[in-house]
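**Q** after the sequence you'll find the predicted model.
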Amino acid sequence: MAWDYDLVVLGSGPAGEKGAVQAGYFGKKVAVIEAAPEPGGACVHTGTLPSKTMREAALYLSGHLGRHIYGLTVALDRSEATPRMLSRKDAVRSLEVERIRANLDRHRVTTLRGRGRFIDANTLEVSPPDAAPFRVTAEKVLVATGSSPNRPSDVPFEDPSIDDSDEILQIDRLPDRMIVLGAGVIGCEYACMFAALGTKVTLVEGRADVLPFVDREIAGELVRAMGELGIELLTTVKHESVKRVSADALRVVLSNGHVWEGDRVLYCTGRNGNTRDLGLENVGIAADKRGAITVDAYYRTSVPNVYAVGDCIGFPALASASMEQARVAVVHAFALGYKKAIGTLIPYGLYTIPEVSFVGMTEAEATASGRGFVIGRAKLEDSARGKIQGVRRGLLKLIVARDDRTLLGVHLVGDGAADLVHIGQAIMTAGGGVDTLIEMVFNHPTLSETYKYAAYDALGKLA
């Protein structure tokens, strides 16, 4: 059958873009259906890049990283901080949108503006915002529609001062007092950002542990750093009610009896896959209660010609992993014999203040595995570069197997952690270990040298 396209992609976020251009690179005729006015998805417009840009702006405007070194007092003009952060965020977004459009054009990918919906496994209806719906056919379909913040019915999001993690990016002024409901990755990141700008932040978490998937020692370092920022952390606590009590105040009643009042509420406890209105029922594809689609190792759904990647399939819901999932899916869909799997060592980066990043086993996971190991530690502030930069809190933790001295896990908290983790990731991927770090020559002075110090610490324990 003559299809309109070899591949139609639903969504132009990181996964959709990379899947589309991967197919285009190999000469396939590709179209991307995008409902938003501009490509990029949540990563570019409401999530990853905007929040990280605002974090960097907050660090710069507050003088957080350097003011203690030189004895300078940085006076933050709170009335100007928000518009400057938003301006920088918008500038980065525009540059990234331009890059995505150029990338799609370079690979001859057609963009179809509108909402896409399955009619059958090979036919999609596109509903543009200002034109009549039309249909396109495709041999293969890639669903990459991303996710949206979870919005429970008992939180009055219609109030302009009660935000989800997308809406907070449009904030018009810095709040004096903010409560963040949910101390997951997003909640911790925003709590740190606003605290650095002088907002009094209360961070509420229903679980006993903050970020339970993070190594406990590293999480403890982050919690202490958040305390130094002035963040009030409440664990094993949930919200009972959220409501406005005056023109200037919101009230949150918590399960421990605590009553909080302030001028901003940020709710961020999870996200749901954007799959509800895709017409999946028309092709026999089911999504779970959080909107996640089940896929196999090649990201193929229960319908053989339909693939799904990124946030809409659930864990790990990382832009980095989503892009690689899309490449694997497209290669498998067209039997290109190229990229057949993504790496098993996926790094995690948390853009808190300071950053947290890790790859591989935590100490608890290594213990549970039954494999003997030692731990090598080094503080970033003890390196020459750390002293130059005035690093105040930073730790590198290596988990090293006793039997073959390979790295089982690499964990970091501190400035630049999300970049530094890739050294350990590369060594682990190549099958190297602590001896590789001993043999390596690092530039001096750098924070990367901390790997050498942590490796010697581990060697001493192995001996």
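**A** Received the coordinates, thanks.
**Q** make sure M54 is indeed in a helix.
**A** Yes. Counting by DSSP: H, G, I helix; E, B strand; the rest coil, M54 is part of a helix.
**Q** need the contact list for it.
**A** Contact analysis of M54 by C-beta atoms under 8 Å, 6 or more residues apart in numbering lists 85-86, 88-89, 169, 193. (Glycine included, C-beta is placed from N, CA and C.)
**Q** buried residues in stretch 294-304?
**A** By 16 or more other C-beta atoms under 10 Å, the buried positions in stretch 294-304 come out as 295, 299-301, 303.
**Q** of all those residues, which two lie farthest apart?
**A** The two members of those with the most space between them (C-beta to C-beta) are Y299 and V303, at 12.4 Å.
**Q** any idea which residue is closest to the centre of this structure?
**A** L318 (5.2 Å; C-alpha atoms, centre = their mean).
**Q** who's in contact with stretch 441-450?
**A** For stretch 441-450, using C-beta under 8 Å, 6+ apart, the contacting residues are 378-380, 382-386, 388-389, 391, 394, 396, 414-416, 420, 423, 451-452.
**Q** mind redoing it with 6 Å?
**A** Here stretch 441-450 makes contact (C-beta atoms under 6 Å, 6 or more residues apart in numbering) with 378, 380, 383-385, 396, 416.
**Q** from G414, how far out is R106?
**A** According to C-beta to C-beta, to the nearest Å, R106 and G414 sit 38 Å apart.
**Q** who has more neighbours out of those two?
**A** G414 (26 against 11; other C-beta atoms under 10 Å).
**Q** next, count neighbours for H422.
**A** For H422, using other C-beta under 10 Å, the count is 15.
**Q** what's across from the closest residue to I119 other than its chain neighbours in the sheet?
**A** Distances taken as C-beta to C-beta, 6 or more residues apart in numbering place E125 nearest to I119, at 5.4 Å, with adjacent residues excluded. Applying DSSP bridges to E125 gives these bridge partners: R117, R135.
**Q** residues touching E125, list them.
**A** 117, 119, 133, 135.
**Q** same thing with E355?
**A** 417-418.
**Q** do you know how far it is from R290?
**A** From E355 to R290 the distance is 28 Å (C-beta to C-beta).
**Q** in the chain, where's the longest helix?
**A** helix 78-106 (DSSP state H).
**Q** what's that one packed up against?
**A** With contacts taken as 3 or more C-beta pairs under 6 Å, 6 or more residues apart in numbering; DSSP states H and E, helix 78-106 sits against helix 48-62.
**Q** just want the angle from the helix it packs on to helix 78-106.
**A** Helix 48-62 and helix 78-106 are oriented at 150 degrees to each other (axes from the mean of the first three to the mean of the last three C-alpha atoms, to 10 degrees).
**Q** tell me which residues of helix 48-62 come out buried.
**A** For helix 48-62, by 16+ other C-beta under 10 Å, it's 48-55, 57-59, 61-62.
**Q** same check on stretch 176-184?
**A** Neighbour count says stretch 176-184 has 177-184 buried, by 16+ other C-beta under 10 Å.
**Q** pLDDT weak spots in this structure?
**A** Residue ranges of the chain with pLDDT under 70: 63-79.
**Q** walk me through the domains of it.
**A** Listed by automatic domain parsing, the domain ranges of the chain are 5-149+272-333, 162-269, 354-462.
**Q** who wins for proximity to I346 among the ones you listed?
**A** That would be domain 5-149+272-333 among these, by C-beta to C-beta, at 5.4 Å.
**Q** now do the same end-to-end measure for that closest one.
**A** 14 Å (C-alpha to C-alpha, to the nearest Å).
**Q** ok, of the buried residues of stretch 294-304, which one's closest to G349?
**A** Using C-beta to C-beta, the buried residues of stretch 294-304 come closest to G349 at Y299, 22.5 Å.
**Q** helix or strand for the nearest residue to that closest one once chain neighbours are set aside, which one?
**A** Closest residue to Y299 apart from its sequence neighbours, by C-beta to C-beta, 6+ apart: A329 at 4.0 Å. Assigned by DSSP states H and E, A329 falls within helix 319-333.
**Q** picking up where we left off before, show me which pair in the buried residues of helix 48-62 is furthest apart.
**A** Top of the distance list for the buried residues of helix 48-62 (C-beta to C-beta): T48 and S62, 21.6 Å.
**Q** now the strands for the stretch 201-350 of the chain?
**A** Under the criterion DSSP state E, counting those that start in this stretch, the stretch 201-350 of the chain contains strands at 232-234, 239-246, 249-254, 259-262, 264-267, 271-273, 306-308, 348-350.
**Q** quick one: closest of those strands to G40.
**A** strand 271-273 (16.8 Å).
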